[in-house]
Structure formats: C-alpha cells, structure tokens
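Undergrad: sequence-free structure coming up:
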C-alpha cells in the first residue's frame, strides 16, 4: 500500500491506459545501429518517472554494508534482466548515493546521473531478447523520501539502526532498479552490520556469518517474484523468534525489545490469522511468513513488505489481519499501475470486516451500512472520489481507496451471494498468483465468473462514479 493501515488508508485503483508494463519497450533512441535508449518512466499516471522501459528484471542480487553510527551505506547491486527491444542504453532508478562504477556483462560501461535516473550505456548494444547482467557499485548516506501525501519512505533512521520502506518509490533510495510494481523479480539480499545488530529482510534467512572486523552478514533470499516497493531491510537490536506453522511454513518474527511485551499476544495469533486467511483467500502464496515490529515513530504506518510485514510499534489484531491479507492482495497479485492500488487496499480492508464477522462482531453487512449512513463522521472525505479515480498522487492514501473500495467488494458479494463471492476471491488470487493485474482485468474476471449477474451499476456508481451512490432498491 503505501500504507496499509495507518491513520488514513491508501492507494488507488484504475488502469488508465493499456500499459504492457512488465516487459515494456519504448523510448526514442540515438543508437547508430538502430538500437534505442530505453525510456525513463513506464507512464504511470501518478508517478510518471517510476520504472523504466526497454527491459524486464528477473533477479536482484544486493550486497550491502551499513553502520548506523556513521549512517553510511556501501552497496553492490547485480541486476539480471532481459532486453525487450534493441538497446544502446538503458536506465535504472537510483535517488542520491554515489556511483563508483558500472559494468554490463563484466565489461565497464559508461553511465550518467540525471535526478533519479542512472543511465547506463554498455560497450556493445543489447539485442531484443538478450539476457544481461548489470553490476552497480555505490555508496553514501541514503535519503528519506517524502511522498506527495506527506508520508516518509526510503531509508528511515531508527533509534538503533534503520528501516527501509519502499511504497511507492522509496526503494530507489537504497538500491538501483526498475522501481515500478509492474516489474517483479526474485531477490538475494546480504546485509553486513556491526556485531550485536540483526539485519532482517524478505524471504528466508539463508545464512548468518561472521564477516570480520566485528561485523556479521545476514543473507536473505526471496525466490517468489516481488515488486521492489515490497523489499525491506530492518537493522536493529531485535528479539527474534523462529517457528513453523502447523503445516510446516517457516515463521520469522523480529521485534524491538521495547515492543516485545505489548506485541506478544497479537503476534501469537499470526498462525491463526494465516489459517483463517487461507480458508478465505486460498493457499498462502509464499514460502515463509513473519513480522518486523520496530518502535513507534520509526515509521508512520504499517506496510505489507513481502513475507514479513512491518509494524511501527505493537500491532493490533485488525492491522495484523490487514497486512496478512495483503500477502495475497498486493504482494502476490500486484497492481500493474499505482492507479490500481484500490485492489490491494479494498481486499485488505474487507478482510478486516470478514474477520470481525467471523469472530462474532459486526457483520460485513452492518459495517457496510454503518459506513454508508455515518461514514463521513469518521472519514470526512469518504465520498470525495471513487476508489478507481483518485484525484492526484497526494490523495492515493485517502479513505475512498480503502473504505469505499471495500464497499465495492461488498456490493459484489450482495449481488452474487456468499458462495459465488468466495469463489471469485479465491479464483482471482489463484489466476494472478505472483503476477500483475489491473482494474479492467478484475471487472472482466468478476463478470466472467458470474455471467448471470448485472454489475453495471456497481462499476458505474461505486467503482468509478462521483459522489455518494444510491443504494440498490430491495424488491
């Protein structure tokens, strides 16, 4: 999300143009052999500079060293990608930091910096379909990035280390890459830190080794595809608990010691929440699970970083449910465009409604009705815009994306009934597992799954329409 569950919910939904984003081509070029210089930006309607065209990344190999006392990061990134057109040059997103050198397929390459763009010109042009590796050596003091909505992301210094959060574009503060959710990849992240500190990241911990000089290297691997905004690194004096669920899934939980007591009861229910989520959404899509709990104030919001959501202080149970649901919706099924983010937040918010319903609290119908009748008392801007049409990047964190997005899902449930609704939810998660999908694909999927139902008013009034929709008349 950015921002799963913070004070104000997040991000919006609609595929604004036919972006074949994962393997984008394009960009006018000046290569004498007809190859082009891959263009910057993939045309995202909210973050037009995000991502780059001309290649598709399959793997990031990040080797990092960080000392919180000096605040300096040293890094080496090996990016494996496939050219989606002939390229005389290509771009990576990297904000700040000093680049010491770049190679492509082991040969030194020319490079230049222009804002967040690192343009690389290999010694030989790349052919369409060619797989290549670009290695970037860099260092410096990573920056904190302020989003259009005022929230902080990127490299966030904490009391005893650092917390890296990437949604929507913060990951470019600490490693070079194709930083748009449409280009997902596998990751190997090795982080060397002073002895006594722990470095936590996504996926599974492959090794923990002494690195000499009073330092320790933690090596993490994420085999399933991951959007770069979901990558994280947390460095600190964590209390770590490793366990497995009843079906053998590894669970790695890292908690700041000041939050251990307050977090214990809720985190103990993580296996239960995951089992409930699998019953509702289908098989868990990743090979490990867990959580990172830092101190309040280290971040302004919880975030669904893949495998291991981040919480700023001890989470409450609804937040745990929300971020767990994101592992299906947002992390496994990832939006093609930032305008499709309502698909992430609506499902995660509706998961909270379903959990409360199943726990004997308010039903989802009661929550829906309460929001319709009195929602503006809590969310003054609830009807300001529809979930699929946020008015600007500064408003992608506003309540219409979360709460009104969840209302769209409930309207689908009202229309098709419970059995068909859960078939749609589980089928959607399965059909786009580890992939990208947008709003148009979702509406088409729903219509195909329930061909006898009429969704025209839901799409026109609740998903795309302005103002407060009329409730359907009951015969």
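TA: Okay, I see it. Everything numeric in this text was worked out from a predicted model, so none of it was measured.

Undergrad: residue ranges with poor pLDDT in the stretch 201-350 of the chain?
TA: Scanning the stretch 201-350 of the chain for pLDDT under 70 picks out nothing.

Undergrad: can you pull out the helices in the stretch 101-250 of the chain?
TA: Using DSSP state H, counting those that start in this stretch, no helices are assigned anywhere in the stretch 101-250 of the chain.

Undergrad: next: the stretch 301-450 of the chain.
TA: In the stretch 301-450 of the chain, the helices defined using DSSP H, counting those that start in this stretch lie at 317-325, 342-358, 364-374, 399, 405-416, 418-431, 439-449.

Undergrad: please identify the buried residues of the last one?
TA: Yep, that's helix 439-449 we're talking about. Neighbour counts over helix 439-449 (16 or more other Cβ atoms under 10 Å) mark 439, 441-443, 445-446, 449 as buried. The way it works is simple: take the backbone N, C-alpha and C, and place the C-beta from them, glycine included.

Undergrad: on that earlier part again, TSV for the helices of the stretch 301-450 of the chain, including distance to residue 83?
TA: Shown next, in TSV, are the helices of the stretch 301-450 of the chain (distance: least, Cβ to Cβ, whole Å):
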stretch	distance to residue 83
helix 317-325	36
helix 342-358	30
helix 364-374	47
helix 399	42
helix 405-416	37
helix 418-431	28
helix 439-449	26
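
Undergrad: and of the ones you listed, who's closest to residue 225?
TA: Counting by Cβ to Cβ, residue 225 lies closest to helix 418-431 out of those; the figure is 14.7 Å.

Undergrad: which regions of the stretch 1-150 of the chain lie under the pLDDT threshold?
TA: The stretch 1-150 of the chain contains residues with pLDDT under 70 at 1-34.

Undergrad: who does residue 311 bridge with?
TA: Judged by DSSP bridges, the bridge partners of residue 311 are residue 293.

Undergrad: actually residue 436, not the one I typed
TA: Note on residue 436: beta-bridge partners by DSSP bridges are residue 334.

Undergrad: use 48 as the first number from now on
TA: Understood, numbering begins at 48; the last thing we discussed is residue 483.

Undergrad: any idea how far it is from residue 231?
TA: 7 Å (Cβ to Cβ, to the nearest Å).

Undergrad: okay, those two: which has more neighbours?
TA: More crowded of residue 483 and residue 231, by other Cβ atoms under 10 Å: residue 231, with 25 against 22.

Undergrad: and the gap between that one and residue 383?
TA: Counting by Cβ to Cβ, the gap from residue 231 to residue 383 is 11 Å.

Undergrad: now swap in residue 285 and tell me
TA: Taking Cβ to Cβ, one finds residue 285 at 35 Å from residue 383.

Undergrad: who's more crowded, the two?
TA: Set residue 285 next to residue 383 and count neighbours by other Cβ under 10 Å: residue 383 wins out with 26 against 23.

Undergrad: for the most centrally placed residue in the chain, which non-adjacent residue is spatially closest?
TA: A centroid search over the chain (Cα atoms, centre = their mean) returns residue 277, at 3.8 Å, as the residue closest to the centre. In this structure, residue 277 finds its nearest non-sequential neighbour in residue 353, 4.2 Å apart by Cβ to Cβ, 6 or more residues apart in numbering.

Undergrad: before we move on, the earlier item: return the residues in contact with the residue nearest to the centre of the chain.
TA: 213-214, 249, 351-353, 377-378 (Cβ atoms under 8 Å, 6 or more residues apart in numbering).

Undergrad: out of those residues, who's the most crowded?
TA: residue 352 (31 neighbours).

Undergrad: with pLDDT added, can I get the buried residues of helix 486-496 in JSON lines?
TA: Shown next, in JSON lines, are the buried residues of helix 486-496 (pLDDT from 0 to 100):
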{"residue": "486", "pLDDT": "97"}
{"residue": "488", "pLDDT": "98"}
{"residue": "489", "pLDDT": "98"}
{"residue": "490", "pLDDT": "98"}
{"residue": "492", "pLDDT": "98"}
{"residue": "493", "pLDDT": "98"}
{"residue": "496", "pLDDT": "98"}
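
Undergrad: name the nearest of those relative to residue 464.
TA: When the buried residues of helix 486-496 are ranked by distance to residue 464 (Cβ to Cβ), residue 496 comes first, at 12.2 Å.

Undergrad: so residue 344 sits in a strand?
TA: No: judged by DSSP: H, G, I helix; E, B strand; the rest coil, residue 344 forms no part of a strand; its state is coil.

Undergrad: in terms of contact, does residue 418 touch residue 430 like I think?
TA: No: if you go by Cβ atoms under 8 Å, residue 418 and residue 430 don't touch, sitting 10.4 Å apart.

Undergrad: which one of the two has more residues nearby?
TA: Neighbour comparison, residue 418 and residue 430: the larger count goes to residue 418, with 21 against 18 (by other Cβ under 10 Å).

Undergrad: distance check, the more buried one against residue 438.
TA: Distance from residue 418 to residue 438, by Cβ to Cβ: 20 Å.

Undergrad: buried residues in stretch 252-267?
TA: For stretch 252-267, using 16+ other Cβ under 10 Å, the buried residues are 252, 262-267.

Undergrad: roughly how far out does it sit from the chain middle?
TA: 26 Å (Cα atoms, centre = their mean, to the nearest Å).

Undergrad: and for stretch 456-466?
TA: 27 Å.

Undergrad: next: stretch 471-479.
TA: In terms of Cα atoms, centre = their mean, the centre of stretch 471-479 is set 18 Å apart from its chain centre.

Undergrad: and residue 406, how many neighbours does it have?
TA: So residue 406, with other Cβ under 10 Å, has 11 neighbours.

Undergrad: tell me which of the helices of the stretch 348-497 of the chain lies nearest to residue 93.
TA: helix 389-405 (12.4 Å).

Undergrad: what's the closest one packed up against?
TA: helix 317-328, helix 364-372, strand 380-382, helix 411-421, helix 452-463, helix 486-496 (3 or more Cβ pairs under 8 Å, 6 or more residues apart in numbering; DSSP states H and E).

Undergrad: following element in sequence after the last one, please.
TA: Past helix 486-496, further along toward the C-terminus, the next helix or strand under DSSP states H and E is helix 503-504.

Undergrad: just the mean pLDDT for that following helix, thanks.
TA: Helix 503-504 carries an average pLDDT of 97.

Undergrad: again, but for stretch 443-451
TA: Mean pLDDT, stretch 443-451: 93.

Undergrad: that one: end-to-end distance?
TA: One end of stretch 443-451 to the other measures 13 Å (Cα to Cα, to the nearest Å).

Undergrad: gap between that stretch and the chain center?
TA: Per Cα atoms, centre = their mean, the centroid offset for stretch 443-451 relative to its chain is 17 Å.

Undergrad: what comes up buried for that stretch?
TA: In stretch 443-451, counting by 16+ other Cβ under 10 Å, buried: 443-451.

Undergrad: now for the helices of the stretch 348-497 of the chain, which one comes closest to residue 143?
TA: Closest to residue 143 of those, according to Cβ to Cβ: helix 389-405, at 27.5 Å.
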